[in-house]
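[1] Fold the following.
(one chain, ligands or ions: 1)
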Amino acid sequence: MRVLVTGGAGFIGSNFVRYLLKERADWDVVNLDLLTYAGNLKSLEDILDHPRHTFVRADISDQARLCEALQGHFDLVFNFAAESHVDRSIADATAFVRANILGAQTLIDLCRERGYGRLLHVSTDEVYGSLGEHGLFTEDSPIKPTSPYAASKAAADLLVLAAARTHGQDVVITRCSNNYGPYQFPEKLIPLMILNALDDLPLPVYGEGVNVRDWIHVADHCRGILTVAENGRSGSVYNLGGKSERQNLTVVKSILETLDKPESLIHFVTDRPAHDLRYAIDPTFVEAELGWTPRHDFETDLRATVHWYRENREWADEVRSGEYRQFTESWYGKRLGDETAG
Ligand SMILES: NC(=O)c1ccc[n+]([C@@H]2O[C@H](COP(=O)([O-])OP(=O)(O)OC[C@H]3O[C@@H](n4cnc5c(N)ncnc54)[C@H](O)[C@@H]3O)[C@@H](O)[C@H]2O)c1
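    Sure, this is the predicted structure:
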């Protein structure tokens, strides 16, 4: 088997490439990534020279470059490549439209034109919008994205499903809840809070910290993606969730407790516009049809994740480039300023 993974230098993609090399001993993996601020070869350091791993730098929305960069047949294609941070999409959605929508369509077309095998498109539960205090997202929940990020992911999902219906293309989609684990870019909640706590910096928590996410360990997500790619029904969507709903404030307090840091580091900041209250996945379909279920325990693996970031400060310092610092300062700096003024 020869497979293509796009976005394999990012958080979930790098975990997935590592997982594939271990779990499928006769698969060759071509890993294509643009290396944006969120993609980093440092996350692939231990496998860059692996004999079954080839890294290619390219933009999935650049058709000419993609055609030139990819040679030979692929039996499976996994599309992780995306702009993925909601706050950045609120600041400017242009890059999200290009990578997440145009990029997805360019890849869909290439897979069809070249006769590649099944395309697995990695999507998110954010396409369903927000839940109230009750209920769960099923695969039939209405698509009602709130943020420009979620809207761009929803658009891509619809294009993937359209390719199945219009062209009979072999595609599957996974929609997963919030991931945590090693190699997550430190602008996302869990690594940001861990690294700030380690440095005794303020921990910026949106609103009152009551937003609920259904946390899933990245290893469970990777196993779910491979299960769906190998055994899922063509043209179907599979929701993957961690069965671990937690309020943001609870997560932040657990991190502080693990690091033995005071709760006084928590700073409530002006909420994100249209901040979705709650996401929670009903994984009944994937459990019943493919036998996948999350295995990781949130409390245990959150502690392991905290330890990973503490032990891998060099990785975190390196990936937090000047570009990242500029964005964080302008985004949270304003909000921390609002709070002080208020
Ligand atoms: N992180 C989560 O909690 C979560 C949950 C559900 C679904 N997802 C989805 O999983 C996928 C991966 O998420 P992540 O958290 O690893 O994101 P990430 O931001 O850490 O990684 C994205 C990767 O895509 C690459 N990339 C961006 N634009 C590209 C382009 N035009 N061409 C090629 N490469 C490009 C980046 O360089 C980076 O390596 C995304 O599609 C995201 O929507 C993420």
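
[2] how long is stretch 270-283 from one end to the other?
    Terminal residues of stretch 270-283 lie 33 Å apart, using C-alpha to C-alpha, to the nearest Å.

[3] for the one residue in the chain that gets nearest to the ligand, what are its contacts?
    Residue nearest to the ligand within the chain: Gly10 (2.0 Å; C-beta to the nearest ligand atom). In this view, the C-beta of every residue, glycine as well, is placed from N, C-alpha and C. Applying C-beta atoms under 8 Å, 6 or more residues apart in numbering to Gly10 gives the contacts 33, 38-39, 43, 80-81, 84, 185.

[4] measure it to Ala82 for me?
    Using C-beta to C-beta, to the nearest Å, one gets 8 Å for the distance from Gly10 to Ala82.

[5] Where does pLDDT dip in the chain?
    Scanning the chain for pLDDT under 70 picks out 322-325, 327, 336-342.

[6] Secondary structure element holding the nearest residue to Glu289 once chain neighbours are set aside?
    In space, and not counting its chain neighbours, Glu289 is closest to Arg233: 7.2 Å by C-beta to C-beta, 6 or more residues apart in numbering. Assigned by DSSP states H and E, Arg233 belongs to neither a helix nor a strand.

[7] burial of Arg233, as a residue count?
    Arg233: 12 surrounding residues under other C-beta atoms under 10 Å.

[8] next one: Gly39
    When neighbours are counted by other C-beta under 10 Å, Gly39 comes out with 23.

[9] Over to Ile60: give its phi and psi.
    Backbone torsions of Ile60, given as degrees, to the nearest 10, read phi -70, psi -10.

[10] Tell me which helix or strand the residue lying closest to it once chain neighbours are set aside sits in.
    Excluding the flanking residues, the one nearest Ile60 by C-beta to C-beta, 6+ apart is Gly103, at 3.8 Å. Under the criterion of DSSP H and E, Gly103 resides in helix 103-114.

[11] Please apply the same query to Leu161.
    Element membership for Leu161, per DSSP H and E: helix 148-167.

[12] Not counting that helix itself, show me its contacts.
    82-86, 88-90, 93, 96-97, 100-101, 104-105, 108, 112, 119, 121, 123-124, 126-127, 129, 143, 145, 169-171, 173, 175, 234-235, 237.

[13] Provide the strand pairings for the helix or strand following it, with the direction of each partner.
    Sequence-wise, the next helix or strand downstream of helix 148-167 (DSSP H and E) is strand 171-176. If you go by DSSP bridges, strand 171-176 pairs up with strand 118-124 (parallel), strand 237-240 (parallel).

[14] Tell me what angle strand 171-176 forms with helix 103-114.
    150 degrees (axes from the mean of the first three to the mean of the last three C-alpha atoms, to 10 degrees).

[15] buried sites along stretch 250-265?
    Applying a neighbour-count criterion of 16 or more other C-beta atoms under 10 Å, the buried positions in stretch 250-265 are 251-256, 258-259, 261, 265.

[16] Of those residues, which belong to strands?
    Among those, DSSP state E puts none in strands.

[17] Can you name the residues of the stretch 51-200 of the chain that neighbour the ligand?
    When proximity is defined as C-beta under 6 Å from any ligand atom, the stretch 51-200 of the chain approaches the ligand at 59-61, 80-84, 99, 103, 122, 124, 153, 176, 178-179, 185.

[18] what's the closest non-adjacent residue to Gly207?
    Per C-beta to C-beta, 6+ apart, closest to Gly207 is Asp271, 3.6 Å.

[19] Revised request: answer the last question for Gly242.
    If the residues on either side of it in the chain are set aside, Gly242 comes closest to Ile216, at 3.1 Å by C-beta to C-beta, 6+ apart.

[20] Look at that neighbour and say how many residues are nearby.
    For Ile216, the count of nearby residues is 27 (other C-beta under 10 Å).

[21] returning to what we had before: drop anything exposed from the contacts of helix 148-167.
    In the contacts of helix 148-167, burial by neighbour count holds for 82-86, 88-89, 93, 96-97, 100-101, 104-105, 108, 112, 119, 121, 123-124, 126-127, 129, 145, 169-171, 173, 175, 235, 237, counting by 16+ other C-beta under 10 Å.

[22] Which parts of this protein are strands?
    With DSSP E as the criterion, the chain has strands at 2-6, 28-33, 53-57, 76-79, 118-124, 171-176, 179-180, 203-206, 212-214, 216-217, 237-240, 245-247, 266-269.
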